[in-house]
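K.L.:
with the input below, show me the fold.
(chains A, B, C and D)
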2 protein chains.
Amino acid sequence: MVKTVNDIRDLAEVLGLSITTVSRVINGKAKKYRISDETQKRVLLAAKQYNYVPNKLARGLKLSRTDTLGLIIPDISNPFFADIAQSIEKEARSKGYSLILCDSGEDHVLEKELIALLLSHKVDGIIIAPVGTDYSYIVQTYNSGMPLIVIDRCITDMGLPYITSDNYQGGNDAVNYLISMGHRKIACIQGIPKSMPTIERVRGYRDALLSHGIHPDESLIVGDNYNTENGYKQTRILFSMENPPTAIFALSNLIGLGVIKAVEEMGLRIPENISLISFDEQPYSAFLGTPMTTVGQKKNEMGQLAVNVLLRYIGNKEYRKKLVNMTLKTNLIVRSSVRKNV
Amino acid sequence: MVKTVNDIRDLAEVLGLSITTVSRVINGKAKKYRISDETQKRVLLAAKQYNYVPNKLARGLKLSRTDTLGLIIPDISNPFFADIAQSIEKEARSKGYSLILCDSGEDHVLEKELIALLLSHKVDGIIIAPVGTDYSYIVQTYNSGMPLIVIDRCITDMGLPYITSDNYQGGNDAVNYLISMGHRKIACIQGIPKSMPTIERVRGYRDALLSHGIHPDESLIVGDNYNTENGYKQTRILFSMENPPTAIFALSNLIGLGVIKAVEEMGLRIPENISLISFDEQPYSAFLGTPMTTVGQKKNEMGQLAVNVLLRYIGNKEYRKKLVNMTLKTNLIVRSSVRKNV
DNA sequence: TTGTAAGCGTTATCAC
DNA sequence: GTGATAACGCTTACAA
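P.N.:
Below is the predicted model:
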């Protein structure tokens, strides 16, 4: 009959050692306390044998450190965020951290609750892609001393650290390209209007038009959500105009999918009847009915950087004074969804 | 100067009440202990005012219950798993549980570590879509009393509870359809060969052929991974045969994408030169170069059921004796990636 | 080189 | 109606 070991206490008992010694060996402080090699080996062996795993709750309670990070994103089924979540999880784990995943569903009331939830879990830090409507709670959390970093849906002028794509450049590049292909009547289907990616992409859109002497037509800047629905609806509406645009700039990959759906349903074709550029590259982008011209983002880098900056905030009080604001270049991936407009 | 409240102790002090009373109110046991309405209101108000959030570590340590579930999946960037993760997170949270997300990256050594990690976090239960190579550790964990449920990559005959799609039916339906369209030389690009979804889908494939008097050609059953790479490579190899198949059955959406890539690169077309059916429906399936015929799965239901069954295991020792094995029907979504072969 | 004991923040048991 | 206190499993001074 083998004794069941649940505790460091049980383990110590089995070994005939004190809890302290066992704890020291388990935590790799053997040589620091000059614990004999033999004792060390015995402990490690027994730990493995009895399948002992230290209780992180007790450990966290004692150390006020849980080796856990919180991640809040608006929609994990959006492959953009799934990719980011993957790189964050991987990087975090490689550094010894676990990840509590929260999907806010683009609901800022829920988002607020989720932050409180993560706080109650005593996570060591939070990575958040906010819904982008109400920041007060996030700012408050950060100012209270909780290490936190914002990704993608960044918030400027609030004193929050963030890592995001150069959305202005992405929007600007896309529209400049459309103009260079002869388009002048270019619609823009937005994501959440108040969110920074949308604001910046639209700013890039406007500036590209203006720099070519085209006055932005406000009736062509439409939509209010990053999802497929919005892309579909706005496209149908755009095409109900007496004089529809010749090109659409979709501010997310999901919006782009919605555009395609609407276009197909109307019996039209991309790019013959309408040109399209969509933000965010996806594995399927190249294989769509018309291979899509997209604005690629450094998702992997964004995730890795977020984790690493956050860990520095966690580990280094001094570093926390440094407000990290990073912007990652985008790249236009030209395929065949834009035709030359003559 | 407002006192900072970190503790239930601090809160009690501020209120001039005992810790016990405060704890009771916070946990909604006010009436059980006949705590006066006024006291109750004061406590609740102060808690809100001082932004008090109970420490889940301490709570978990005391109650041996963390209100936390662990989720292990092989690849969150695969939209199939992203969708499942979303439904699991949502359902779990609605029931008061948080989710620790782990991506095993299809690595069963890592998977084993991740289980130990979740154990050390004292999660109340585990939902796992295993890599599908080595089950021993999972079985051991389950047998040790940890509530656990397997999804998608199920393991039969091991006494583990699971919820999965009817992969046999899905494979059978797909191939029956291909045969009904006149195809006889049908290739099958597998996922991980030892994993149950692959085994079952291939069994469905074989039986469909046999039931039509076609003897399965082993050289047409190829591949070893659910990813895009595998789909691409195997397609290139299949087409290097002197007599390539007229149809391909891809066992995942990612494999399907790889097939498309290879086909395009070879200057061929779907379905003119090769017909294709791919497992798992995705938002983009309808918008691919050739709208894809797919086998749809009940992802949302799978996630919700997994959480609910797991929670019953957690809450009800009796129920744990009942081995839940659920199989969810698939549905063939016919589009235009299969042509009539004459 | 090893051990003793206090304390992390919470809840449950028992008392008043 | 409310309060004091032990205990959950761990780490870490402080002792020896």
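
K.L.:
neighbouring contacts of the helix or strand in which A:A187 is found?
P.N.:
Taking DSSP states H and E as the definition, A:A187 sits inside strand A:186-189. Strand A:186-189 is contacted by residues A:175, A:178-179, A:201-202, A:205, A:209, A:220-223, A:230-231, A:234-235, A:238, A:245-251, A:255, A:259 when judged by CB atoms under 8 Å, 6 or more residues apart in numbering or on different chains. In short, each C-beta sits where N, CA and C put it, glycine included.

K.L.:
CA atoms of it as PDB?
P.N.:
What follows is strand A:186-189, C-alpha atoms only, in PDB (Å, rounded to 0.1, in the frame of the first residue of the first chain):
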ATOM      1  CA  ILE A 186     -13.600  54.500 -52.500                       C
ATOM      2  CA  ALA A 187     -15.800  53.300 -49.600                       C
ATOM      3  CA  CYS A 188     -14.500  52.500 -46.200                       C
ATOM      4  CA  ILE A 189     -16.400  50.000 -44.000                       C
END
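
K.L.:
who does that strand pair up with?
P.N.:
For strand A:186-189, the paired strands and their directions (DSSP bridges) are strand A:221-222 (parallel), strand A:247-250 (parallel).

K.L.:
any chance of those in CSV with distance to B:S275, mean pLDDT and mean neighbour count as columns?
P.N.:
Shown next, in CSV, are the strands paired with strand A:186-189 (distance: least, CB to CB, whole Å; pLDDT from 0 to 100; neighbours: other CB atoms under 10 Å in any protein chain shown):
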stretch, distance to B:S275, mean pLDDT, mean neighbour count
strand A:221-222, 39, 98, 17
strand A:247-250, 31, 98, 30
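
K.L.:
what number of residues lie near A:D134?
P.N.:
Under the neighbour criterion other CB atoms under 10 Å in any protein chain shown, A:D134 is assigned a count of 14.

K.L.:
could I get the phi/psi values of it?
P.N.:
Main-chain dihedrals, A:D134, degrees, to the nearest 10: phi -130, psi 120.

K.L.:
what about it, distance to B:R312?
P.N.:
Separation of A:D134 from B:R312 (CB to CB, to the nearest Å): 37 Å.

K.L.:
kindly report the same for A:S337.
P.N.:
From A:S337 over to B:R312 (counting by CB to CB), the distance is 49 Å.

K.L.:
more neighbours: which of those two?
P.N.:
When neighbours are counted by other CB under 10 Å, A:S337 and B:R312 differ, and A:S337 comes out ahead with 25 against 15.

K.L.:
quick check: the more buried one touching A:A286?
P.N.:
No: counting by CB atoms under 8 Å, A:S337 does not reach A:A286; the two are 10.7 Å apart.

K.L.:
what's the overlap in contacts for those two?
P.N.:
In terms of CB under 8 Å, 6+ apart, A:S337 and A:A286 are both contacted by the residues A:M292.

K.L.:
list the contacts for A:P161?
P.N.:
Counting by CB under 8 Å, 6+ apart, A:P161 touches A:148-150, A:309, A:313, A:323-325.

K.L.:
try it again with 6 Å
P.N.:
Counting by CB atoms under 6 Å, 6 or more residues apart in numbering or on different chains, A:P161 makes contact with A:149, A:323-324.

K.L.:
who wins on neighbours among those?
P.N.:
Neighbour max across those (other CB under 10 Å) = A:I149, 25 neighbours.

K.L.:
how about TSV for the contacts of A:P161, with pLDDT, distance to A:Q86 and secondary structure added?
P.N.:
Below are the contacts of A:P161 laid out as TSV (pLDDT from 0 to 100; distance: CB to CB, whole Å; DSSP: H, G, I helix; E, B strand; the rest coil):
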residue	pLDDT	distance to A:Q86	secondary structure
A:I149	97	17	strand
A:L323	92	27	coil
A:V324	94	22	coil
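
K.L.:
now, which of those residues lie close to DNA strand D?
P.N.:
The subset of the contacts of A:P161 within reach of DNA strand D, by CB under 7 Å from any atom of the strand, is empty.

K.L.:
which of the residues you listed lies closest to A:S87?
P.N.:
Closest approach between these and A:S87, by CB to CB: A:I149, at 13.9 Å.

K.L.:
domain map for chain A?
P.N.:
A:8-54, A:66-165+A:299-329, A:167-297 (automatic domain parsing).

K.L.:
can you flag the weakest of these by average pLDDT?
P.N.:
With a mean of 87, domain A:8-54 has the lowest mean pLDDT of the domains of chain A.
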